[in-house]
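In: Have a look; sequence and predicted model below, questions after that.
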Amino acid sequence: MNEPAPEGAGGVREQDPSDPDTRYEPRPTLSDDDGRRAGRFWSTRRIPAALAALVVLGAAGLPLYDIVAVRAGQRAMYWRRALADQLARQPLDETWVLVAACVAMALGLWLLVLALTPGLRGLLPMRRHSPLVRAGIDRDAAALTLRDRAMEVSGMRSARVRVGRSKVKVRALSHFRELDDVRDDLDRALRAGIRELGLDRSPALTMRVRRPVKKR
């Protein structure tokens, strides 16, 4: 009679390859080639969408209502008659007309940029190992994780880590050991930490290790 396999860390039963009743599957490991490429997360942008909807509603709904009222035999609204008369007599090279056109163009370009870009720059996508699951990690959380890995290196006094979309910048202070040895150990630790984050695109690593300034 076979005894049940002991439970390992996290409550997962360890499988014995020599047991014929147990199917052995090696534990997955993360590498740069594992998983599917995942795109960035798209922001819902509720506030810009609400503003755009209000502008479209005001710019299209009110004139449409006035046109329908005129077709029904009523007079056009005063604001539309005044606006039509003003536009008929107003030169197009006036300063306020040009300023209004520039503002409208800038607003339109802003809405186009919001529509064509994903946003959520603070959320880094992670590699997808299932088409049903998408995962991401916040930049601050990734920076804190890498900072903890940096502080595990012998000789480290302090470290500042900034994580971007394509680059990780590290500024560190070392108070003992040779700087070259600390720099090599820090490079290995941070590169391993970046791989373990499981990001969709591994960012480049730039770091600067120096001694603290001595106070006189």
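Out: Done, it's in.

In: Flag the shaky bits of the chain, pLDDT-wise.
Out: Within the chain, the ranges that satisfy pLDDT under 70 run 1-38, 215-216.

In: please redo it, this time with the cut-off set to 50
Out: 1-32 (pLDDT under 50).

In: Break it down into its structural domains.
Out: The chain breaks down into these domains under automatic domain parsing: 46-116, 125-210.

In: Relative to Gly39, which of those is closest?
Out: Closest of the domains of the chain to Gly39 is domain 125-210, at 6.6 Å (criterion: Cβ to Cβ). C-betas here are computed from N, CA, C, even on glycine.

In: End to end on that closest one, go ahead and measure it.
Out: Start-to-end span of domain 125-210 (Cα to Cα, to the nearest Å) is 32 Å.

In: In this protein, which helix is the longest?
Out: helix 95-116 (DSSP state H).

In: so how far is Thr44 from Gly119?
Out: Counting by Cβ to Cβ, to the nearest Å, the separation of Gly119 from Thr44 is 9 Å.

In: quick one, which of the two is more surrounded?
Out: Gly119 (15 against 9; other Cβ atoms under 10 Å).

In: In which helix or strand does that one reside?
Out: Using DSSP states H and E, Gly119 sits within no helix or strand.

In: From here on, call the first residue 68.
Out: Right, with 68 as the first residue, what we last looked at is Gly186.

In: Pretty sure it sits against Pro115.
Out: No: Gly186 is beyond contact range of Pro115, at 9.7 Å (criterion: Cβ atoms under 8 Å).

In: what about Thr273, neighbour count?
Out: Neighbour count of Thr273, defined by other Cβ under 10 Å: 11.
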